[in-house]
Each structure stands twice: as C-alpha cells, then as structure tokens.
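> Sequence first, then the predicted structure:
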Amino acid sequence: MKKFMNAVDTVLTESLDGFVAAHADILVLGEEHKFIRRRTLRPGKVALISGGGSGHEPMHGGFVGHGMLDAACPGQVFTSPTPDQMLAAAQAVDTGAGCLFIVKNYEGDVMNFDMAAEMSEGVLQVVTNDDVAVENSSYTTGRRGVAGTLVVEKIVGAAAEHGLALKPLKALGERVNAATRSMGVALTSGTVPAAGRPTFDIGDGEMEFGVGIHGEPGRRRDTLKSADAIVEEICAAISGDLGDRTKGPALLFINGFGGTPQMELYLMYNSARRIFEKRGVTVTRSLVGSYVTSLDMAGCSITLTMLDDEMTGWWDAPVHTAALRRGM
C-alpha cells in the first residue's frame, strides 16, 4: 500500500484540518472534529445536516455551504458517525427553524441519525436509497443510498436557502429520492488505510457489477466488457426500475469512485446520454466528476433523476461549497 499519511490513526483528523483550512472562507471545524459547518449561518433557515463514513470525499463535507448543507458529520473511514456528532452539529447550526437530516440508507447511519433525532427537537429526516443494484446488501436493509444523495442535497439545499419550511423540505427530499436511481461498477478495489490492503480482490480482466460505495458486492462478478455494453446494462436496470417515469427531462450524473480519470467519465457520460435518449429521456442537466467516491477505487456510477420544473429550478440555483460552485 502506498498512501500519503503520517500515521494511520491521524489520517482523518489531519485531512479534516487541511480541508477546513483550505476552505476557511466558508467552513468551520467543530470541536473534536465532530462536524464541519458553514462559517456563516442564516437565522430562521432550516438547517440541513448529513454525514457518513469518511472515504467518500468530497461527500459530505465538500457539500457544506450556501445552497446545500449547513453541516456534515464525518465518521471514521467507512464507519458511521456517532449520534453525539449529529447532536453537536444540530445544536451548532439550528437557528430556530429546525433541522433536516439527509441520511444514506446504511444500517449504522440510519440507527445513529435516528438516535440523534430522538435526542433533539425539531428534527425530521430523509433517507436516500437510490441504488437499484441490489435490494439488500452487506450493510443495509433495503436499497443503498449512493450518489443520488448529492442530488437530494443540492435540490433540497437550494429550497432551504429560499426559505422553505421543514415539512415541505422533507417532502421535497423524498420526492427527489423517489425520482432518482443509480448503479455502479468497479474495476478495482479501494484500499482502507487502516487495513493496508484492497477491500476486495478482483482480477485484471474482471469487474464488480453493481458494487456499493464501500466495495460491498453488487449483482455479480463479470469479465470486463466494452464501455457501451456496461452502460447499456446499467441504463437498462435504471430505466426498468423507473418504468413509465423514464420519459422527459432528466439530470444525468456520472460519478467517479476516486480512481477513474475524467476522460473515462466523460466517455461513460457520452454513452449513457445516447442510450437514455433512445429510451425517451431528454437530458437537460448534467454532472460529471468524482463526488461520491470509494477512496481510490476505479469505477463509476450512473445516476438518473427525472426532473420537473420545480426540481430543475432548485438544481440551477446558485451554490458555493468546496466541491460544487456555480452562480456565485
């Protein structure tokens, strides 16, 4: 294993120190590294809080800022943050309008966010479960929440910035999640620093089809195929799951897992766009890049969100975070 680090035990805290220092104009680090929050809070705005295990950067800390999250709680690598982290974050950013937790569907995350919500007042939750690859997995009951979580955070974040109240924001988040489907494929494994070896073994000529963002198994191990063949199967799975809703305007999001060059991600985008449009989708918004990663895993996921006018408007709204910035 070759990693830039000083000691395994301090990889996360040193990374968080550097991350917040690099974006000190918009971010503040909470005590004991429990959370990252916006530097400037707006009284009377519903606070959006998310979090999860580290190793998926820039998710979630990279999406803290104007137009997205108010705070994010980083757990250890691939490990859920603890309830006291979410509780501390809620106390730090709740300016009187309540908090909305946006939670990826993993058992540890759901349990710990639930506990934090029970210990708080004025907290509602949205659980994302956009992954169509498997119905249950190593870490979940039900579908996993993956890259589609970014789409929920962006759209709901813009609406919160505009002043929507807590209950309508929860309803909007659930609507976006219901309109979003994702699926991924891995070419190599990521390597957790503390483990010192790849999370799973995979041959040079193999791919893990439907892989999770922690390297958990997907639908099957298969021989590597052409990009068009891979994308065709993923698009078919997403379209089949959405059914008749796979018509009309949509956001197409190609997400890299951390070890795949941008050139290949755009190649996958080109293929996915062509295939979806043959199925009646009109791609009106796009996002391509490594936003929900799995350390240094090579591979990518494809996310499709069917858009209506309201969701399109919130997607287009200005945003200023460490990882996503436009319009301001």
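Cool, got the structure. Numbers count the residues shown, from 1 in each chain.

> Quick check: the gap between Pro318 and Ala22.
21 Å (C-beta to C-beta, to the nearest Å). To be clear about C-beta, it is placed using only N, CA and C from the backbone, and glycine gets the same treatment.

> can you pull up the bridge partners for His320?
Here His320 shows beta-bridge partners His66, Arg325, assigned using DSSP bridges.

> if I look at it, how far off is Phe19?
In terms of C-beta to C-beta, His320 sits 16 Å off from Phe19.

> Which one of these two is surrounded by more residues?
Phe19 (19 against 16; other C-beta atoms under 10 Å).

> What residues does the more buried one make contact with?
Each residue near Phe19 by C-beta atoms under 8 Å, 6 or more residues apart in numbering is listed here: 27, 36, 57, 61-62, 322.

> Widest-spaced pair of the residues you listed?
Distance extremes for the contacts of Phe19: the farthest pair is Leu27 and Glu57 at 13.5 Å, using C-beta to C-beta.

> out of those two, which sits in the busier spot?
Neighbour totals were compared for Leu27 and Glu57, and Leu27 leads with 23 against 19 (other C-beta under 10 Å).

> Strand partners (parallel or antiparallel) of the helix or strand encompassing Thr305?
Secondary structure from DSSP states H and E places Thr305 in strand 299-306. Paired strands of strand 299-306, with direction, are strand 180-186 (antiparallel), strand 248-256 (antiparallel) (DSSP bridges).

> Packed most tightly, which of those strands would that be?
strand 180-186 (a mean of 28; mean count of other C-beta atoms under 10 Å).

> For the closest residue to Met68 other than its chain neighbours, which three-state class applies?
Leaving aside its chain neighbours, Met68 sits nearest to Gly157 (3.8 Å; criterion: C-beta to C-beta, 6 or more residues apart in numbering). What DSSP: H, G, I helix; E, B strand; the rest coil gives for Gly157 is helix.

> Look up the pLDDT of Gly157 for me, please.
Per-residue pLDDT puts Gly157 at 98.

> these two touch, right, it and Trp315?
No: counting by C-beta atoms under 8 Å, Gly157 stays clear of Trp315, with 10.3 Å between them.

> number of nearby residues for Met68?
28.

> residues in contact with it?
48, 153-154, 157-158, 319, 321, 324.

> Glu264 too?
So Glu264 contacts 227, 300 (C-beta under 8 Å, 6+ apart).

> so which helix or strand takes in it?
Under the criterion of DSSP H and E, Glu264 resides in helix 262-278.

> Show me what counts as buried in that helix.
Judged by neighbour count (16 or more other C-beta atoms under 10 Å), helix 262-278 contains these buried residues: 264-265, 267-269, 271-273, 275-276.

> Need the mean per-residue confidence for stretch 72-80.
97.
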